[in-house]
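Colleague: Here is my input, please return the structure:
(one chain, ligands or ions: 1)
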Amino acid sequence: MAKDKKHPLELKKIKDLKASQKEINDTIMTTNQGLKINDTNNSLKSGERGSTLLEDFLLREKITNFDHERIPERIVHARGSAAHGYFELYESIEQFSKAGIFTDVNRKTPVFVRFSTVAGSKGSTDLARDVRGFAVKFYTEEGTWDLVGNNMPIFFIQDAMKFPDLIHAVKPEPNREIPQAASAHDTFYDFVSRTTETLHNQIWVMSDRAIPRSFRMMEGFGIHTFRLINEKGASHFVKFHWKPILGVHSVTWDEAVKISGADSDFHRRDLWDAIEAGEFPEWELGIQIVPQEDEFKFEFDLLDPTKLIPEELVPVQIIGKMTLNRNPENFFAETEQVAFLPGHIVPGIDFTNDPLLQGRLFSYRDTQLSRLGGPNFHQIPINRPVAESHNNQRDGHMQMEIPKGQTAYFPNSLSGGCPHLSKIAEGAFHSYEERIDAKKIRTRSESFNDHFSQPALFYRSLAPWEQQHIAEAYTFELGKCNQTHIQERMLWLVSQIDTDLAKKVAEGLGLEIPASIQHPINQAIGADADVEQQQPPKKKNYLDAAPTLSQANTKFESIATRHIAVLVADGFSMKNLKKMKSVLEKKGAFVKLIAPHGGKVMCDENMGHTVDAAIMTTESVLFDALYIPGGKKSIEGLKKEPKFIKFINEAFKHCKAIAVDDEGEDLINDTFVSQSKQDPAILINKDPINFVDALAKHRNWDRMEFVKNIPV
Ligand code: HDE
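Modeller: Okay, the predicted model is just below:
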């Protein structure tokens with residue numbers, strides 16, 4: 001197999017690197033036609049102080065190009081960040097799939113991955129409470145495969161027909177374009193409370209999954225049930241999972257709100273910086289396989305995208321790893337112009353009849369036609385396959401090739417029958433021959449009707465701190481709604497998921513949980529929806545809990561790429577810092593010096609150290625943990641600047657690890673930390689390895705109850 005085959009973009013990069021220095025030095029500015037230019041600062045005028053002449057083609061070319069620099073942003077997932085990388089298979093799964101990417105362990109398949117929020121515009125904050133897109137383009141030798149997923153394993157709706165309603169409800173309200181990148185408003189909960197199939201994805205959005213610490217610390221899911229097809233043509237159902245090597249970690253809502261102000265590019269920067277530092281983000285690819293004959297074995301329908309298959313029922317088999325090792329060189333050309341299409345599959349992978357997936361197969365190409373200006377968007381470098389393409393498609397806006405020859409039809413004899421067809425045995429795509437014998441009908445399958453069991457399972461499976469975060473999130477979101485009847489309807493629905501949860505939320509809202517609600521709880525029943533009725537939710541307790549759904553059971557091994565704030569002023573203890581820093585950096589953490597001012601800060605050995613950030617330019621929420629080395633003079637200096645106290649109190653409130661040495665203890669005595677010195681993540685004069693252990697646990701959530709009422 002072509003082990004060393006490189007994607008054209010990778011080859012170009014190597015070539016570019018060689019050429020770049022020469023280009024930077026030698027390239028002469030020209031017009032788009034190659035005409036050399038000697039002035040790009042002044043327009044052509046009738047005299048030094050006269051009017052600009054229409055004749056000025058240099059001005060017109062420059063401004064016209066600028067006027068058309070923007071293209072329509074994506075209708076959803078507008079805000080995104082992306083990176084290049086590759087996928088490697090651990091072992092062949094040829095018993096399930098004939099796809100080269102799943103059978104050839106010697107391949108290094110190039111990928112381009114775009115992460116995104118859903119609701120916000122292109123310039124909105126990274127830390128919005130939202131689902132994250134997780135779209136992977138595999139440039140395989142047999143053609144491009146796009147796995148266009150999210151960071152949550154289920155979706156809001158069951159049928160593509162509801163997608164415009166869902167998005168219209170969550171986007172800013174159309175009369176006043178408020179709120180931006182937020183689901184906390186009346187129209188969204190009006191829709192959710194009348195469309196109970198949304199409740200499962202909705203409770204995931206209320207969970208910490210919706211405010212990740214990093215793109216690098218989120219799971220990814222293909223969501224829909226797909227098929228894998230083997231060489232014999234046999235089909236297995238499959239769900240795809242991405243498992244981050246760094247584990248699944250989130251920030252708190254209070255941090256998310258503050259990060260949005262302190263650095264609205266937080267996730268974008270984090271991804272970029274990690275790759276630049278050589279700390280390449282990695283995910284393992286997992287599959288859940290369900291044999292064809294087990295299609296009806298579950299309490300839910302495999303075709304229903306609002307349901308997940310608990311890993312406790314069908315374990316995830318890890319089959320390979322994806323590594324992101326290169327940042328894009330141009331945001332627009334790559335991250336903005338990339339076009340993902342769920343319809344891009346390769347032999348060995350196929351669709352199912354999931355009615356959401358089926359609608360997506362139409363939507364993505366359709367949207368790219370207007371977003372990228374015509375049918376030739378596959379010719380844009382980032383969208384080009386590595387597999388060669390030949391067909392009789394011609395012309396259209398932005399045709400960038402020069403197709404040669406007399407013929408553009410099939411069959412032909414004038415071009416020797418080319419391009420010719422190939423046989424299935426030679427790798428041609430062939431749809432799985434599913435037997436269909438049914439009425440043409442516009443309805444929803446009865447088997448999709450249970451909207452409560454899985455949200456309840458999810459809630460039951462979480463740790464107490466995760467459940468508390470969910471209660472707070474519902475209270476915040478519903479508290480932002482202005483209409484009491486919408487809040488009450490939501491309270492009733494939440495009470496059907498979990499009574500205690502609903503009670504907590506009701507208390508926060510200052511409302512009673514209604515005994516019942518009017519109007520249908522399931523709009524999917526169509527025209528009858530106008531009839532007032534009470535449909536009891538069908539709950540199926542097929543599992544007491546699914547621990548794999550909880551972030552409490554993720555990986556807590558690595559501190560690589562964690563950001564540690566070290567608070568220092570002139571006179572800090574060099575000995576302490578050196579000891580701590582060497583341990584942290586050996587484990588891949590990023591250590592940053594925060595001082596009262598920028599420039600240099602002096603240690604007690606009279607050496608100047610470059611400050612990474614002056615306290616006025618940074619915030620506690622941008623760091624994972626903090627360390628205060630001793631040094632009497634340094635502590636006195638830090639005490640003079642009140643923001644250091646706020647900085648420490650916030651880190652404490654957000655349950656982060658805090659280490660202090662020697663006189664550092666004096667500083668924390670002025671903060672709320674002093675009331676909690678027994679906390680295992682507060683380390684006073686302890687060996688650095690204890691700090692590493694506390695940091696690897698991400699947060700000490702046991703502190704949550706204690707810090708709940710501290711006024712920070
Ligand atoms: Fe999308 N979705 N979607 N979606 N989606 C788009 O395509 C759509 C759905 C997802 O980084 C759009 O190129 C419909 C599920 C991601 O470029 C659009 C339906 C899942 C991205 C579109 C869904 C997704 C998109 C907007 C219901 C998870 C960003 C721009 C039938 C499995 C990809 C674009 C990127 C983008 C339509 C449902 C994930 C309008 C009609 C379910 C990650 O075509």
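Colleague: pLDDT averaged over stretch 443-453 - what is it?
Modeller: Stretch 443-453 carries an average pLDDT of 92.
Colleague: buried ones in that stretch?
Modeller: 444, 448-453 (16 or more other C-beta atoms under 10 Å). Quick note: C-beta positions are derived from backbone N, CA and C, even for glycine.
Colleague: Using JSON lines, lay out these together with secondary structure and distance to Glu173.
Modeller: What follows is the buried residues of stretch 443-453, written out as JSON lines (DSSP: H, G, I helix; E, B strand; the rest coil; distance: C-beta to C-beta, whole Å):
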{"residue": "Arg444", "secondary structure": "coil", "distance to Glu173": "28"}
{"residue": "Phe448", "secondary structure": "helix", "distance to Glu173": "29"}
{"residue": "Asn449", "secondary structure": "coil", "distance to Glu173": "30"}
{"residue": "Asp450", "secondary structure": "coil", "distance to Glu173": "31"}
{"residue": "His451", "secondary structure": "coil", "distance to Glu173": "25"}
{"residue": "Phe452", "secondary structure": "coil", "distance to Glu173": "28"}
{"residue": "Ser453", "secondary structure": "helix", "distance to Glu173": "32"}
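Colleague: can I get these in JSON lines with distance to Gln551?
Modeller: Formatted as JSON lines, the buried residues of stretch 443-453 follow (distance: C-beta to C-beta, whole Å):
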{"residue": "Arg444", "distance to Gln551": "32"}
{"residue": "Phe448", "distance to Gln551": "28"}
{"residue": "Asn449", "distance to Gln551": "30"}
{"residue": "Asp450", "distance to Gln551": "25"}
{"residue": "His451", "distance to Gln551": "24"}
{"residue": "Phe452", "distance to Gln551": "22"}
{"residue": "Ser453", "distance to Gln551": "21"}
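Colleague: which one of the residues you listed sits closest to Thr103?
Modeller: When the buried residues of stretch 443-453 are ranked by distance to Thr103 (C-beta to C-beta), Phe448 comes first, at 34.3 Å.
Colleague: give me every residue that touches the closest residue to Thr109 other than its chain neighbours.
Modeller: Leaving out its chain neighbours, the residue that sits closest to Thr109 by C-beta to C-beta, 6 or more residues apart in numbering is Phe87, at 4.6 Å. Going by C-beta atoms under 8 Å, 6 or more residues apart in numbering, Phe87 touches 101, 108-109, 111, 138, 285, 320-322.
Colleague: what do you get for Leu493?
Modeller: Counted by C-beta under 8 Å, 6+ apart, Leu493 has contacts 193, 196, 199, 517, 521.
Colleague: Closest to Val583 out of those?
Modeller: Lowest distance from Val583 to the contacts of Leu493 (C-beta to C-beta) belongs to Leu199, with 46.0 Å.
Colleague: For the closest one, which non-adjacent residue is closest in space?
Modeller: Nearest non-adjacent residue to Leu199 (C-beta to C-beta, 6+ apart): Pro455, at 5.0 Å.
Colleague: Check the secondary structure at that neighbour for me.
Modeller: Recorded secondary structure, Pro455: helix (DSSP: H, G, I helix; E, B strand; the rest coil).
Colleague: and it, how many neighbours?
Modeller: Here the number of neighbours of Pro455 (other C-beta atoms under 10 Å) works out to 28.
Colleague: Okay, and the beta partners of the residue in the chain that the ligand sits nearest to?
Modeller: Closest to the ligand within the chain is Gly133: 2.8 Å, counting by C-beta to the nearest ligand atom. Beta-bridge partners recorded for Gly133 (DSSP bridges): Ser116, Asn150.
Colleague: The stretch 251-400 of the chain against the ligand: which residues are in contact?
Modeller: Counting by C-beta under 6 Å from any ligand atom, the residues of the stretch 251-400 of the chain close to the ligand are 305, 339-340, 356, 359-360, 363-364, 367-368.
Colleague: 8 Å - rerun?
Modeller: 305, 338-342, 356-360, 362-364, 366-368, 371 (C-beta under 8 Å from any ligand atom).
Colleague: Buried ones only from the residues you listed, please, as a PyMOL command.
Modeller: Here is the PyMOL command that selects only those of those that count as buried (16+ other C-beta under 10 Å):
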select buried, resi 305+338+339+340+341+342+356+357+358+359+360+363+364+367+368+371
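Colleague: which of the residues in the host helix or strand of the residue nearest to Thr109 are buried?
Modeller: Following DSSP states H and E, one finds Phe87 within strand 80-89. Using 16+ other C-beta under 10 Å as the test for burial, strand 80-89 gives 80-87, 89.
Colleague: repeat for stretch 233-241
Modeller: So stretch 233-241, judged by 16+ other C-beta under 10 Å, has buried residues 235-241.
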